[in-house]
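Participant: here is a sequence together with a model predicted from it:
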Amino acid sequence: MSRFPVLRRFVAQPSALSGALFLLILTLLACAAPWLGFDSPWAMTAKPLLTPFTVSGHLLGSDMLGRDIGSGLLYGARVSLSVGALASLATLIVGMGVGAVAGYVGGWLDEVLMRIGEFFQIIPQLVLAVILVSVLQPSLGSVILAISLVAWPPVARLVRTEFLTLRQREYVQAAQVLGQRPLAIIFTQILPNALSPLLVTMTFVMATAILTEAALAFLGLGDPDAMSWGYMINASRNMLRQAWWMSVLPGLAILLCVLAVNRIGEGLRVAFEPPRRSGASS
Amino acid sequence: MSAHHEAAVLEVPVLEVDGLRIPLPEGADRSHALFHLSLTVQRGECLCVVGESGSGKSMLANAVLRLLPEQLQPEAGTLRLEGQDLYELSEEGMRQLRGRRISMVFQEPMSALNPLLTIGRQIDETLSAHGVTSRTRRRARILELLGYVGLPEPERLQHSYPFQLSGGQRQRVVIAMALAFDPLLLIADEPTSALDVTTQAQVLELLRRIQREKGMALLFITHDFAVVEAIADRVLVLQRGHLVEQGTAQQVLQAPEQDYTKRLLAAVSAVATQSRQPDPQAAVVLEAKGLNKVFRSSQGWWRHRHTQALADVTLQLRAGETLGIVGESGSGKSTLGRNLVRLMQPDSGQIFWDGAEVARHSQARLRPLRSDIQMIFQDPFASLNPRQRVGQIIMTGPLAHGVPEAEARQRALQMLELVGLPATAFERYPQEFSGGQRQRIGIARALAVQPKILIADECVSALDALIQVQILELLEDLQRRLKLSLIFITHDLRVAARICDRVAVMHQGRIVETGPAATLFSAPTHPYTQALLRALPGSAIDLDDTPCEADLLRDLS
């Protein structure tokens, strides 16, 4: 028996493994961009409208102002990935906190918290995010805040249901009879058992966060100082006929990134499932 | 061969299994699920297949019905129904047979019935699936069947959904479905294991009556020797896929030849209550006075149903004694246990732990007192956190009460030794242990905080008979050595008779009778206790007195 059966089952899935590798490489490249010879994505370093794979040094072409597309993609990855990671972390903290309190304490507090969550759920997510960002002024912080504010209710609901079922387990009641404190019960008895569905949901939250960030940036609500994929598509939308690569390449980046995160989530889900027993007798 | 057998030997047996061998896939705990098994069942005969869980007894039922999973197919042997080899039939031919000539009654009636269809519809489907086209004939047959299995008002009942029936009634419906075509062979796989004693007695009586009247062959699968005693003509004992012993019920039950059978029988026979005289002057360590608890469940928006789970329950537990709380499911005995350890709060009444009133304490105020009173839970698979190692699980209690890490570790190792587990268990996960071992871990966890009182809630009901005995012996031994006071909650009167000094009988939330175990079991005064004792299979079921017993139970409920 291996010590890490979950990891082994994860690695055994080609799609999940390639998703994880893609994301890892993208993260490394995005972090290392300045040292790889990529200038600022705003710098006009080449002739305008270079077709990809024609000029060495600007392998992915340039836009109408002569800014390097490859550099834009890598610096854009910084924004997309950090927003994705930070927004899902914020969502996780809020969702888990609210869900845990609602599920463990129950009663009127549960009612109130769930009604608040529903309030966020009945408004279309993107519309709410757009309103929040425009009210708060576009910046990295406000984008993350907006995304996590619209994304936490489903996470809270999931955590709440997990807590409600796990609370009834005999080992949780045993811990209560042993005199463990509620907080200790939550962290040692309940949370470890709720972790797998939570992790899987978090990957899907992250994929949505990346998409929402791109949509906000496309609408001109991204951080104005940071190059992002959504902004690149927005800037190039009038040039679609003359310079397709300007919008197709960042679009492809978004697609692959979200796909990779999704595959990781699916891979985790499969890996967490307990292995099927082969027909035991009874 | 017995006299009974000789009369039937000329006939072709209804079921004849010869040299059946079913291999298990690689990596299983043994090479074969069933190894070289041969048996016959004659018309009008009941053959009981007895074994512990994992002995392969259900595999046998599935093999007869040809419902084995793909990867488990017989590699040798024949199965014949009236001389016809079942494994030579086409899939369609087999389908025709199932439900018509061979029927099956399952353990859990709720999962054998479709919750979304009325029971009339479900029997109707069985009938039309086997080509009864006339609607009126089907309808008449449904009423006839429901009446035959002793269900009241078949006219009205056929329109009920499974959830509207009690467990016993559901099992009767399943039996009615199985009887739809008067099958040659009825296979019953633990049909009474999910039922209460009194209901179990009624269902067993029904099966015997059906078998007597219809003369069908009955293959009855069970783990319970008391049930065997009540119903079997012949008995076959299975252990890990091997036939241990086969013979008439009388032979096997009265004079078993094999050691394994003897041990199984010894495990279930109610040992005469040990007349341990508990000291009547001993201090009262746990006391409940006038406990009430009502559960409200909403049905629709305005209607609420109130269930009185505890009604004016008063009891005392003295130091060093074992108090049994017995009752059927729904009698409120588990609710009582949970209230006593204050996992629940009673609506009214008082609870004294060692003289201190705690019924109204908040959980925070209870926490420091909790080391005095501990609980052992029913399900050894749900009561241990699967993400923690055994050591951590046992150390939880001491650490929560401020014992330093090193000392808690020391104590956990002591506890493992005390309950008979190796020290290596400390670093392993509960999944690696069997049910009995897991229950030992649960006991070790409870004892690690050095309690004075232990409440055991059905703590052996999920275990096999032989393991049950080991756990009961462990508890008795621990009680003597650690001077524990024990409340033992169980539905099993034999277990209660074995371990308890005093017994309280619960019925519909009330304690109807309390007394020393020996007197209570030999001379019960309350009619409910008398009915419970009489319903015990194998002890008092007698053809002549069962009808009046059924009447008695109906009056009571």
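Facilitator: Perfect, thanks for sending it. Not measured: the values here are computed from a predicted model.

Participant: grab the nearest non-local neighbour of B:A408.
Facilitator: Once flanking residues are discounted, B:A408 sits nearest to B:P398: 3.9 Å by CB to CB, 6 or more residues apart in numbering or on different chains. (Glycine included, C-beta is placed from N, CA and C.)

Participant: helices and strands around the helix or strand where that neighbour lies, which ones?
Facilitator: Counting by DSSP states H and E, the secondary-structure element that holds B:P398 is helix B:390-400. Packed against helix B:390-400 by the contact rule (3 or more CB pairs under 8 Å, 6 or more residues apart in numbering or on different chains; DSSP states H and E) you find helix A:170-178, helix B:405-418, helix B:435-447.

Participant: which ones are touching B:T222?
Facilitator: Taking CB atoms under 8 Å, 6 or more residues apart in numbering or on different chains as the criterion, B:T222 is in contact with B:C48, B:V49, B:V50, B:E190, B:T192, B:S193, B:V228.

Participant: of these, closest to chain A?
Facilitator: Set against chain A, the nearest of the contacts of B:T222 by CB to the nearest CB is B:E190 (9.8 Å).

Participant: got phi/psi on that closest one?
Facilitator: The phi and psi torsions at B:E190 (degrees, to the nearest 10) take the values phi 50, psi 50.

Participant: which residues of the stretch 51-200 of chain A fall in helices?
Facilitator: Listed in chain order, the helices found in the stretch 51-200 of chain A under DSSP state H, counting those that start in this stretch are A:69-105, A:107-121, A:125-136, A:140-167, A:170-178, A:182-184, A:191-218.

Participant: I figured B:G391 hits B:F426, correct?
Facilitator: Yes: under the contact definition of CB atoms under 8 Å, B:G391 touches B:F426, with a separation of 3.9 Å.

Participant: okay, and the common contacts of the two?
Facilitator: Between them, B:G391 and B:F426 share the neighbouring residues B:A412, with contact defined by CB under 8 Å, 6+ apart.

Participant: return only those of the contacts of B:T222 found close to chain A.
Facilitator: Among those, no residue lies close to chain A (CB under 8 Å from any CB of the partner chain).

Participant: wait, what's in contact with the residue nearest to B:A408?
Facilitator: Applying CB under 8 Å, 6+ apart as the definition, the contact partners of B:P398 turn out to be B:E407, B:A408, B:R411, B:A412, B:A448, B:V449.

Participant: and the nearest residue to the first one once chain neighbours are set aside, how far is that from B:E476?
Facilitator: In this case it means B:E407. Beyond its immediate neighbours in the sequence, the residue positioned closest to B:E407 (CB to CB, 6+ apart) is B:P398, lying 7.2 Å away. From B:P398 across to B:E476, the span is 25 Å (CB to CB, to the nearest Å).

Participant: can you tell me which residues in the stretch 101-250 of chain A are near chain B?
Facilitator: Counting by CB under 8 Å from any CB, the residues of the stretch 101-250 of chain A close to chain B are A:169-171, A:173-182, A:184, A:188-189, A:192-193.

Participant: make it 6 Å
Facilitator: Proximity of the stretch 101-250 of chain A to chain B is assessed by CB under 6 Å from any CB of the partner chain, with A:R169, A:E170, A:Y171, A:Q173, A:A174, A:V177, A:L178, A:G179, A:Q180, A:Q189, A:P192, A:N193 identified as the residues in range.

Participant: please indicate which of those residues are buried?
Facilitator: The neighbour count (16 or more other CB atoms under 10 Å in any protein chain shown) marks A:R169, A:E170, A:Y171, A:Q173, A:A174, A:V177, A:L178, A:G179, A:Q180, A:Q189, A:N193 as buried among those.

Participant: quick check: the second one touching B:M375?
Facilitator: No: under the contact definition of CB atoms under 6 Å, A:E170 does not touch B:M375, with a separation of 9.2 Å.

Participant: who's in contact with residue 15?
Facilitator: Picked chain A for this. Under the criterion of CB atoms under 6 Å, 6 or more residues apart in numbering or on different chains, the contact list for A:S15 reads A:R263.

Participant: can you look at chain B instead?
Facilitator: Under the criterion of CB under 6 Å, 6+ apart, the contact list for B:L15 reads B:V41, B:L185.
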